[in-house]
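In: After the sequence you'll find the predicted model.
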Amino acid sequence: MDDDAAEKLASLVAPLLPNADVAREDRWRSLDPVTEFLASRYSRWACGWNWSVGEGDVDGGVVEVWCCSSDSVTTPDAAAPLVVEALREWRGRLEDLAERFAALAPPENTAASSADLWNWERACTRLVTVVADRTQAESGWYGHCMQVLRWFLAYNGIDEGQAEEIVENAVGGRFGSWIAPDVPVVDAVSSRFARGVGGIR
């Protein structure tokens, strides 16, 4: 999205934003029309536009330009460009993940050999590391981490139910808020992840 398109989008978003006199505790709900508009315009991926780092509108995201509805929503004209910039940032994060998925995807038609398991383990390690970095390992960061691992499995053709089970068995309870995972923990999670994939291939 170029600057002209961003400016036009901000002009469409501004009327959907609450006025400054809306109570701070009501501002989060008042963003629903913005999310609905963005999703209808760009598709469902846009719903993550305000998934900010830490304890924002939604816990444990990667968007840095948007803090939270109580702080980022001031006046419609001031907040609308922030919404657009947050959407652009979120889109950039998704595109980065898509590139990483393509680069980390194991070779096709490989058997569940030690080499194949190594590919899955390496992919998990790199994805966990990048998510911990992008979320700054703040509040609830592991939720997005698990989501990214499920997306990666889906990208590689693994059924949603199986992906859920693999990720839950690999990660469940091993990461915590406000704590970046150390190398032994990441290694253990990645090993469980790879074995989980190997068990269905």
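Out: Looks like it came in fine.
In: and the residue positioned nearest the centre of the chain, how far is that from V83?
Out: Compute the mean C-alpha point of the chain, and by Cα atoms, centre = their mean the closest residue is H144, 5.0 Å away. Relative to V83, H144 is positioned 20 Å away (Cβ to Cβ, to the nearest Å). Where you see a C-beta, it was placed from the backbone N, CA and C, and this is true even at glycine.
In: Repeat that for P106.
Out: Going from P106 to V83 by Cβ to Cβ gives 38 Å.
In: domain parsing for this protein?
Out: Following automatic domain parsing, the chain resolves into domains at 3-95, 105-198.
In: By residue count, what's the longest helix in the chain?
Out: Secondary structure assigned by DSSP state H gives helix 76-104 as the longest helix of the chain.
In: Give me the buried positions along that helix.
Out: Neighbour-count burial for helix 76-104, counted by 16 or more other Cβ atoms under 10 Å, picks out 76, 79-91, 93, 97, 100-101, 104.
In: Equivalent analysis for stretch 177-188, please.
Out: Across stretch 177-188, burial judged by 16+ other Cβ under 10 Å covers 180-181, 185-186.
In: How far does it stretch from one end to the other?
Out: One end of stretch 177-188 to the other measures 18 Å (Cα to Cα, to the nearest Å).
In: Check the offset of it from the chain's centre.
Out: Relative to its parent chain, stretch 177-188 has a centroid offset of 18 Å by Cα atoms, centre = their mean, to the nearest Å.
In: what residues does that stretch touch?
Out: 60, 125, 128-129, 132, 137-142, 174-175, 189 (Cβ atoms under 8 Å, 6 or more residues apart in numbering).
In: Quick check: the two most widely separated of these?
Out: Greatest spacing in these, by Cβ to Cβ: T125 and S139 (22.9 Å).
In: in the worst-scoring helix or strand of the chain on mean pLDDT, what counts as buried?
Out: The weakest-scoring helix or strand in the chain, judged by mean pLDDT, DSSP states H and E, is helix 69-72 (a mean of 84). Under the neighbour-count criterion of 16+ other Cβ under 10 Å, helix 69-72 has 69, 72 buried.
In: mind saving the C-alpha coords of that helix as PDB?
Out: Taking Å, rounded to 0.1, in the frame of the first residue of the first chain, the C-alpha atoms of helix 69-72 are listed here in PDB:
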ATOM      1  CA  SER A  69      -7.400   1.200  22.300                       C
ATOM      2  CA  SER A  70      -7.200   3.100  25.600                       C
ATOM      3  CA  ASP A  71      -4.000   4.800  24.600                       C
ATOM      4  CA  SER A  72      -3.900   4.800  20.800                       C
END
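In: 264 is where my numbering starts, stick with that
Out: Will do, 264 is the new start, and the previous item becomes helix 332-335.
In: Check which helices and strands it sits against.
Out: Helix 332-335 sits against no helix or strand, with contacts defined as 3 or more Cβ pairs under 8 Å, 6 or more residues apart in numbering; DSSP states H and E.
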